[in-house]
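Asks: predicted model, plus sequence, below.
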Amino acid sequence: MSDFFNQIYFGNSGLDYCWLISAILIGLVFQKFASKLISNLIFKIISKQTASISKEELYTLLHKPLSWFIMLIIIYVASSHIHFPDSWNLVDKNEFGLRMLLSKSYQLFLISAITWIGLRTLEFLMLILLRKAEKTDGKQDDQIIGFAKEIIKIIIIIFAIFIVLGNVFGIEMGPLLAGLGVGGLALALAAKESLENLLSSFTIFFDKPFVLGDTVKVGSVIGTIEKVGFRSTRLRTPEKSYVTVPNKKMIDAELDNLSLRTFRRVNQTIGLVYSTPINSMQSIVNEIQKLLDEHSHTNQDGKARFTDFGASSLDIMVNYYVDTMDWSTYLDVKQEINYKIMEIVEKYGSDFAFPTQTILLENQNS
């Protein structure tokens, strides 16, 4: 066994390879433990601000990126004493070759892992703020948190890209930024629609035509606002589907914020049979009007009027407003009033009409 440890293989002893393999195996075994330990340490530092968030939520967010980061550090430390054989005649890592490819690849993975940790940490911090915002009455702070999260996320990603371009690919950022100024117009023209959606997101944020949780109608789409992003707004429809609408359309199209209504309207027509006496007709209309005026969930704008002589019925218009935005309550009130209308019609000896046709046959003698 000692011969194996001392034997040189590709410029390194067997013992060197054993240390490398052992370090990687130990890293694979203990990376979960190490990531949990770091997560607990972070949680302990900010525990005063995380009363509504558990350690498990933080661990779930940071486990994978921390594991990758820890594994990359272990690989770097374990492979630091491994050397390429001199017989390979490899150039220095500052010149293009195998050493440079390995070095640049490692830097790219390391920056990616750090960026991943930063994004997940942002998710956790925003989750803390969101839980606090849920305790407030308004939805505006929820929307601000989501908007700020998107902005910071983009800043982190752009910053990481600049680090990769500068440190990994060796691109000088000064001339690059100057070049972006020259090519900015062409980029803006190519991304015209995306820029319009981006500017529209700021309009939504400052003008506040709606906030998270509002039910809106945009064109033919009706849904509840669940997320406002830089490019689009996402709505949950009554059919529970998830619709994505570009922010530009949310601003340009006619938008009806249904959540800002104070009442839900009911407009229906009741058709009674033509055999209904005029006195009964007047009493039925007056009774329905009284019902609308005195009901606890309707306002004073309710109207009941005999409006038309229909093809097969005497038509009474019933129009009123229910003072609730809750769909279930609205249906209950409407059902209750419909039952009362049926009782009124029955009370005065009338009945509801249905489409009928009368055919007269003439006896023609030839």
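Replies: That came in fine, so what should we check first?

Asks: how about the most centrally placed residue in the chain: what's its closest non-neighbour residue?
Replies: Most central in the chain under CA atoms, centre = their mean is Lys227, positioned 3.5 Å from the mean C-alpha point. With sequence-adjacent residues excluded and distances taken as CB to CB, 6 or more residues apart in numbering, Lys227 is closest to Arg234, at 4.4 Å. C-beta: built from backbone N, CA, C; applies to glycine.

Asks: that neighbour in helix, strand or coil?
Replies: Secondary structure, DSSP: H, G, I helix; E, B strand; the rest coil: Arg234 is strand.

Asks: correct me, but it touches Tyr242?
Replies: Yes: taking contacts as CB atoms under 8 Å, Arg234 lies within contact range of Tyr242: 6.3 Å.

Asks: ok, longest helix in this structure?
Replies: helix 98-133 (DSSP state H).

Asks: what residues of that one count as buried?
Replies: Buried residues in helix 98-133, counted by 16 or more other CB atoms under 10 Å: 99, 104, 110-122, 124-130, 133.

Asks: what segments of the stretch 201-350 of the chain are helices?
Replies: Under the criterion DSSP state H, counting those that start in this stretch, the stretch 201-350 of the chain contains helices at 247-252, 278-294, 327-347.

Asks: pick the most buried one from these.
Replies: Comparing the helices of the stretch 201-350 of the chain by mean neighbour count (mean count of other CB atoms under 10 Å), helix 247-252 ranks first with a mean of 19.

Asks: which of Arg234 and Tyr242 has more neighbours?
Replies: Arg234 (15 against 11; other CB atoms under 10 Å).

Asks: domain boundaries for this structure, per the record?
Replies: What automatic domain parsing lists as the domains of the chain is 2-171, 193-260, 264-347.

Asks: so for stretch 240-249, mean pLDDT?
Replies: If you average the pLDDT over stretch 240-249, you get 86.

Asks: stretch 321-331 now?
Replies: Averaged over stretch 321-331, pLDDT sits at 85.

Asks: just to revisit the earlier point, need the helices of the stretch 201-350 of the chain in TSV with distance to Lys64, can you?
Replies: Shown next, in TSV, are these (distance: least, CB to CB, whole Å):
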stretch	distance to Lys64
helix 247-252	32
helix 278-294	61
helix 327-347	41
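
Asks: so what's Leu314 up against?
Replies: Going by CB atoms under 8 Å, 6 or more residues apart in numbering, Leu314 touches 271-274, 276, 281, 306, 308, 353.

Asks: overlap in contacts, Arg234 and Tyr242.
Replies: Common neighbours of Arg234 and Tyr242 (CB under 8 Å, 6+ apart) are Glu226.

Asks: sorry, back to before: ok, the residue nearest to the centre of the chain to Leu127 distance?
Replies: Lys227 sits 15 Å away from Leu127, going by CB to CB, to the nearest Å.

Asks: ok, Val164 next?
Replies: Counting by CB to CB, the gap from Val164 to Leu127 is 28 Å.

Asks: Gly310 against Ile270, yeah?
Replies: No: Gly310 lies out of contact with Ile270 (CB under 8 Å); the separation is 10.6 Å.

Asks: circling back: same list, the domains of the chain, but as CSV with distance to Ile359 please.
Replies: Converted to CSV, those look like this (distance: least, CB to CB, whole Å):
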stretch, distance to Ile359
domain 2-171, 61
domain 193-260, 42
domain 264-347, 13
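
Asks: picking up where we left off before, out of the contacts of Leu314, which are buried?
Replies: The buried subset of those - by 16+ other CB under 10 Å - is 271-272, 276, 281, 306, 353.
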